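Enquirer: Below are the sequence and a predicted model; questions follow.
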Number of protein chains: 2
Amino acid sequence: MRIRLTLEWDGRSFMGWQRQAHGPSVQAAVEDAFAAAFREPVVAHAAGRTDAGVHALAMPALVETARNVTPFRVMEALNYHLRAAGHAVSVLAAEAVDDDWHARFSCTGRAYEYRIVNRRAPLTWEAGLALREARPLDSGAMHAAAQALVGRHDFTTFRSVACQAASPVKTLERLDVVRDGERIVVVAAARSFLHHQVRSMVGCLLLVGRGEWPALRVAEALAARDRAALGLNAPPDGLWFAGATY
Amino acid sequence: MRIRLTLEWDGRSFMGWQRQAHGPSVQAAVEDAFAAAFREPVVAHAAGRTDAGVHALAMPALVETARNVTPFRVMEALNYHLRAAGHAVSVLAAEAVDDDWHARFSCTGRAYEYRIVNRRAPLTWEAGLALREARPLDSGAMHAAAQALVGRHDFTTFRSVACQAASPVKTLERLDVVRDGERIVVVAAARSFLHHQVRSMVGCLLLVGRGEWPALRVAEALAARDRAALGLNAPPDGLWFAGATY
C-alpha cells in the first residue's frame, strides 16, 4: 500500500524536513507518528527537502506500508499521534497511489512563496512566519528585476555551498513579486530548485527593493556564476513550500 | 502630550487587554514598556477590552505623558522595550491627538473578525489564531441567518453574565460570513458590543453552518432575550479586534 500524504507544517520548531541525529525534523515526526499508530517502521519521502525554519502549506510525501489500512485511516491516525507528540505538522489529505508514483522523483513542478511584511513595527503573531523589512521596498522594481532570473540559467550564484545537485542549471518558470498593502509575496515556480536558491534570489530582490542595488545588478549577479556575487541570502522565516505538481 | 497608539498583538500569551493581578495583560505590557523607556508611569486606555486569547490587528489606545517626546520616538521606544520584554505586542503607528480625543469614549465604530478554518486536519502555524471546524459548514446559510441579528436589538441572549454594559440594546451594523476556500471569516461591526457578543453570535452561526440549527433559530434565540437560548459561545482563538473608527 503506497500512500500520498499532503502535509502542512510550522517550520519554527523543526530543523527542516530531513531526519537529523540531533534535533526535531518533520520526517522523524511523521515516521514516528506512523510507527506509534501502526507498530510498523516506515520511511517518508517528501517532494523536496526544506531547511530549518521553512514552512509548508502543502508538501506531498510518500509512505509505503504493508498494513491493510485505508488512506483516510492513515491520515486520521497520523494527525492524532502528531498532535499527541506536540508536533506542528498536519496531514491535509491522503490517497492511494500507483507503484510508479514517487513524491520526489515524479514531481514535475515545485512552488514556493516568500512572505515579507514591509513595515517598521516588529511582527507579533507572524514572527518567524514572515520576514519583517523596515525599509520601504519598491515592489515594482523587485518584480521587474526578478524577470532577469526567469528561464533556463546557470544559477551558481544563487546556490549554497552545501548544494548537492549534479548541475547548477535550472529552469525558473516564474518569479513574481506581488504587493498587497504592507504585505509582499514573492512566488517562485520551477521543476526543481538548487539549495538556498529561493532565499538567495529573494535576498537580491530585497537589495533592489531597498534601492541598494540597481535592477541590472541581478542580471549581473546571475551572469557572474559566482556565489561571491550574491548580495544577500534571505532568512528562512518567510519561506513557505507552497505546492507541487506531478 | 496625548498620543494615540495603534497596537497589534498575539492574544495567545495574554489574559486580555486589561491589567490583571495574576497573569500577563496587553495593558501592563504597554504601560511597563513606557515606564522602562521614559521612567514615567502612564495609564493606557484602549478602544475596547478584549478577553484572554483574543488578538488585535489594529487597536487604538491612548497614553498621556508629561514628557516632551515625539509620537515617533514613543513608538520606537515602546517597540524596543516590548521586544526586550518578550511581549508579542507591536505599536504600528503613533500620533499626537487633541485633548478631547479618547480611545474608548470617542470611538464611534468597532470591527471584529472571527476566523474559521473549515477542514478536518488540525491547525499547525495557525493554532490559537483561528478556530478549526472539522464538520463542513454551509457558509451561505450562516450568512443568511446572520442577517436576523443586524440592526438595533436587545442582545441579552448574546451577552455574558459578567457583562457590565448598562443596557443590552445595541445596534449591529454588519455581520457578514465570507468563505474563501477552506477559510471562513465572520466580520462584525457596531458602535459597541456587549461582552462575549461576537463569540456568542459566531457560536450560533456555527450551529447553523453545521446544520444543527435551522436559520430561523437564530432569530428565535435573539427574540428570547435569554442567555439560556444561546446554543454555543465560540472560543476566543478565532477572534481578532480588526479596527476602530472615530
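Expert: Sure, I can see it.
Enquirer: now the strands for chain A?
Expert: A:2-9, A:45-46, A:55-64, A:89-96, A:109-117, A:131-132, A:151-154, A:169-180, A:183-190, A:239-245 (DSSP state E).
Enquirer: Any idea which of these gets closest to B:Arg19?
Expert: In terms of C-beta to C-beta, the element of the strands of chain A nearest to B:Arg19 is strand A:131-132, at 27.9 Å. C-beta here means a position set from N, CA and C on the backbone, and glycine is covered the same way.
Enquirer: Partner strands of the closest one, with direction?
Expert: strand A:109-117 (parallel) (DSSP bridges).
Enquirer: just to revisit the earlier point, tabulate the strands of chain A (CSV), appending mean pLDDT and mean neighbour count.
Expert: What follows is those, written out as CSV (pLDDT from 0 to 100; neighbours: other C-beta atoms under 10 Å in any protein chain shown):
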stretch, mean pLDDT, mean neighbour count
strand A:2-9, 98, 22
strand A:45-46, 96, 20
strand A:55-64, 97, 22
strand A:89-96, 98, 20
strand A:109-117, 98, 21
strand A:131-132, 98, 20
strand A:151-154, 98, 14
strand A:169-180, 98, 16
strand A:183-190, 98, 20
strand A:239-245, 97, 21
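Enquirer: mind checking which of those strands is nearest B:Trp213?
Expert: Of all these, strand A:89-96 comes closest under C-beta to C-beta, at 28.4 Å.
Enquirer: how about that closest one, does it reach chain B?
Expert: Yes. With C-beta under 8 Å from any C-beta of the partner chain as the measure, strand A:89-96 is seen reaching chain B through A:Val89, A:Ser90, A:Val91, A:Leu92.
Enquirer: Show me which residues of chain A sit near chain B.
Expert: Checking chain A against chain B by C-beta under 8 Å from any C-beta, the hits are A:8-10, A:12, A:55, A:75, A:79, A:82-83, A:88-92, A:119-125, A:127, A:129.
Enquirer: Wait, A:Glu31 touches A:Ala44, no?
Expert: Yes. A:Glu31 is within contact range of A:Ala44, at 5.4 Å (criterion: C-beta atoms under 8 Å).
Enquirer: who's more crowded, these two?
Expert: A:Ala44 (23 against 17; other C-beta atoms under 10 Å in any protein chain shown).
Enquirer: Check what pLDDT that one gets.
Expert: A:Ala44 is assigned a predicted lDDT (pLDDT) of 97.
Enquirer: For A:Trp213, which residues are in contact?
Expert: A:Trp213 makes contacts with A:Ala145, A:Cys204, A:Leu207, A:Gly231, as judged by C-beta atoms under 8 Å, 6 or more residues apart in numbering or on different chains.
Enquirer: confidence score at A:Ala162?
Expert: 86.
Enquirer: If we ignore the residues flanking it in sequence, what's nearest it?
Expert: Closest residue in space to A:Ala162, ignoring its immediate chain neighbours: A:His195 at 5.9 Å, by C-beta to C-beta, 6 or more residues apart in numbering or on different chains.
Enquirer: what's the answer for A:Ser139, then?
Expert: A:Arg179 (4.0 Å).
Enquirer: give the contact list for the residue nearest to A:Ala162.
Expert: Per C-beta under 8 Å, 6+ apart, neighbours of A:His195: A:Arg159, A:Ser160, A:Ala162, A:Cys163, A:Gln164, A:Ala165.
Enquirer: Quick check: the fifth one vs A:His195, distance?
Expert: From A:Gln164 across to A:His195, the span is 7 Å (C-beta to C-beta, to the nearest Å).
Enquirer: Pull the contacting residues for A:Thr171.
Expert: Counting by C-beta under 8 Å, 6+ apart, the residues that A:Thr171 touches are A:Gly151, A:Arg152, A:His153, A:Ala190, A:Arg191.
Enquirer: what sits opposite the nearest residue to A:Asp99 once chain neighbours are set aside in the beta ladder?
Expert: Spatial nearest neighbour of A:Asp99, excluding adjacent residues (C-beta to C-beta, 6+ apart): A:Arg2 at 6.7 Å. Beta-bridge partners recorded for A:Arg2 (DSSP bridges): A:Glu64.
Enquirer: can you pull out the helices in chain A?
Expert: Taking DSSP state H as the criterion, chain A contains helices spanning A:26-38, A:71-84, A:139-146, A:197-210, A:216-224.
Enquirer: Save the ones you listed as a markdown table, and put in mean pLDDT too.
Expert: As requested, the helices of chain A are exported to a markdown table (pLDDT from 0 to 100):
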| stretch | mean pLDDT |
| --- | --- |
| helix A:26-38 | 97 |
| helix A:71-84 | 97 |
| helix A:139-146 | 98 |
| helix A:197-210 | 98 |
| helix A:216-224 | 96 |
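Enquirer: Out of the ones you listed, which is the most enclosed?
Expert: helix A:197-210 (a mean of 24; mean count of other C-beta atoms under 10 Å in any protein chain shown).
Enquirer: any idea of the angle that one forms with helix A:139-146?
Expert: 130 degrees (axes from the mean of the first three to the mean of the last three C-alpha atoms, to 10 degrees).
Enquirer: Now tabulate the strands of chain A in a markdown table and tack on distance to A:Thr70.
Expert: Output for the strands of chain A, formatted as a markdown table (distance: least, C-beta to C-beta, whole Å):
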| stretch | distance to A:Thr70 |
| --- | --- |
| strand A:2-9 | 9 |
| strand A:45-46 | 20 |
| strand A:55-64 | 13 |
| strand A:89-96 | 8 |
| strand A:109-117 | 28 |
| strand A:131-132 | 41 |
| strand A:151-154 | 42 |
| strand A:169-180 | 36 |
| strand A:183-190 | 33 |
| strand A:239-245 | 23 |
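Enquirer: A:Leu129: what's it in contact with?
Expert: A:Asp10, A:Arg12, A:His55, A:Arg115, A:Leu123, A:Asp237, A:Gly238, B:Trp125.
Enquirer: Out of these, which is nearest to A:Ile184?
Expert: For the contacts of A:Leu129, the nearest to A:Ile184 is A:Arg115 (7.7 Å; C-beta to C-beta).
Enquirer: picking up where we left off before, do you know which of the strands of chain A lies nearest A:Trp17?
Expert: strand A:45-46 (5.2 Å).
Enquirer: partners of the closest one in the sheet?
Expert: strand A:55-64 (antiparallel).
Enquirer: Need the pLDDT of the residue lying farthest from the centre of chain A.
Expert: Most distant from the centre of chain A: A:Asn68, at 32.1 Å, with distances by C-alpha atoms, centre = their mean. Listed pLDDT for A:Asn68 reads 90.
Enquirer: what's the burial count for the closest residue to it other than its chain neighbours?
Expert: Spatial nearest neighbour of A:Asn68, excluding adjacent residues (C-beta to C-beta, 6+ apart): A:Met1 at 7.0 Å. By other C-beta under 10 Å, 14 other residues sit near A:Met1.
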